[in-house]
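Novice: Here you go, sequence then predicted model.
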Amino acid sequence: MSCIDFPFPSPSLFFLEKDFGLSPFFFRFLMFTVYADHATPWQYGFQDPASPAMAGIYDLHHDIMFFLTVIVVMVCFLMVRCLMHFVKGTSIGADSTTHGTELEIIWTVTPSLILMLIAMPSFALLYSMDEVIDPAITLKVVGHQWYWTYEYSDYAQDNETSIVYDSYMVAEDDLLPGDLRLLEVDNRVVLPVHSHVRVLITSADVLHCWAVPSLALKCDAVPGRLNQVALYMDRVGLFYGQCSEICGMNHGFMPIAVESVTMPQYVDWLRMKMEDI
């Protein structure tokens, strides 16, 4: 059951079309870029970051892309210049130089500096993503063929029962208007915003992978092994993912839906779930 309702598409977009007289196509395109917490048609970039880890990956990608662009342009320029001289049959002229100490220093130091500029933020990001900081909530995820089981063991009753439920993909015939094909589930993961969460991931049969791109989460679910990842969401929203490890015939029908809500909404959801135990 959902705690918050996400209208899709947003009615405000239609009012903007009417009031400002802009192209409906423009707002349809805007709609699929603003609501980018799931894969969209013709998507060519990352999904919108919803956690500090994903924001760091986003920034690191842009930084590396800058250096990559400069290097590609320089190499292509040198190749074109060499080809132009070859085609024209011109020669730059013979040179008797046998040593180029200054040039060797430049082409050794420059790549080293570039690699250092890339490596330092990369290592810092990897360290921050690997560290679990005093988690307030522990969520256990168990992969099955072909569905997920979620357990909130922090809220166990006196009889040692806790909040446990299965999450299956919603069949195409059961989708409601605005639902996403192959991504909607009958029971979402519900977690509070601005809270440190520890996610324990394992499998009951074969290899699976629990992945939510907007949250920078991708962790293998291995039978007999308990993997751990940290999660911190900095905005309310609904974030989709899928199993990212081929696990059999219905591998493509194991979607993941994580719903980030405010703390009062989370408490209300917990109260409702505890009553069902």
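Specialist: Perfect, I can see it now. Since the model is a prediction, treat every value here as computed from it, not as a measurement.
Novice: Please parse the protein into its domains.
Specialist: Domains of the chain are assigned by automatic domain parsing as 5-9+12-36, 52-90+100-130, 137-276.
Novice: comparing those domains, which gets the lowest mean pLDDT score?
Specialist: For these, the bottom mean pLDDT is recorded on domain 5-9+12-36, which sits at a mean of 44.
Novice: Deepest-packed of the domains of the chain, please.
Specialist: domain 137-276 (a mean of 17; mean count of other CB atoms under 10 Å). For the C-beta atoms, the positions are set from N, CA and C on the backbone; glycine is no exception.
Novice: Next, the nearest residue to residue 248 once chain neighbours are set aside: phi, psi?
Specialist: Once flanking residues are discounted, residue 248 sits nearest to residue 145: 5.3 Å by CB to CB, 6 or more residues apart in numbering. Residue 145 adopts backbone torsions of phi -90, psi 100, taken as degrees, to the nearest 10.
Novice: Go ahead and confirm residue 145 touches residue 203.
Specialist: No: counting by CB atoms under 8 Å, residue 145 does not reach residue 203; the two are 9.3 Å apart.
Novice: quick revisit: export the domains of the chain as TSV, with columns for distance to residue 44.
Specialist: Putting the domains of the chain into TSV (distance: least, CB to CB, whole Å) gives the following:
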stretch	distance to residue 44
domain 5-9+12-36	10
domain 52-90+100-130	13
domain 137-276	14
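Novice: Of all the ones you listed, which one comes closest to residue 42?
Specialist: domain 5-9+12-36 (8.0 Å; CB to CB).
Novice: before we move on, the earlier item: looking at the domains of the chain, which is closest to residue 43?
Specialist: Of these, nearest to residue 43 by CB to CB is domain 5-9+12-36, at 7.4 Å.
Novice: isn't residue 198 right next to residue 132, touching?
Specialist: Yes: using CB under 8 Å, residue 198 makes contact with residue 132 at a distance of 5.2 Å.
Novice: Quick check: neighbours shared by those two?
Specialist: Each of 228-230 lies in contact with both residue 198 and residue 132 under the rule CB atoms under 8 Å, 6 or more residues apart in numbering.
Novice: Tell me which of these fall in strands.
Specialist: 228-230 (DSSP state E).
Novice: Nearest to residue 59 among these?
Specialist: residue 230 (18.5 Å).
Novice: So what pairs up with that closest one in the strands?
Specialist: Counting by DSSP bridges, residue 230 is bridged to residue 198.
Novice: thinking again about what came up before, what separation do you get for the residue nearest to residue 248 and residue 247?
Specialist: 6 Å (CB to CB, to the nearest Å).
Novice: Overlap in contacts, those two.
Specialist: With CB under 8 Å, 6+ apart as the test, residue 145 and residue 247 both reach residue 206.
Novice: wait, doesn't residue 251 sit right on residue 146?
Specialist: Yes: the pair residue 251 / residue 146 is scored as a contact, 6.8 Å apart, by CB under 8 Å.
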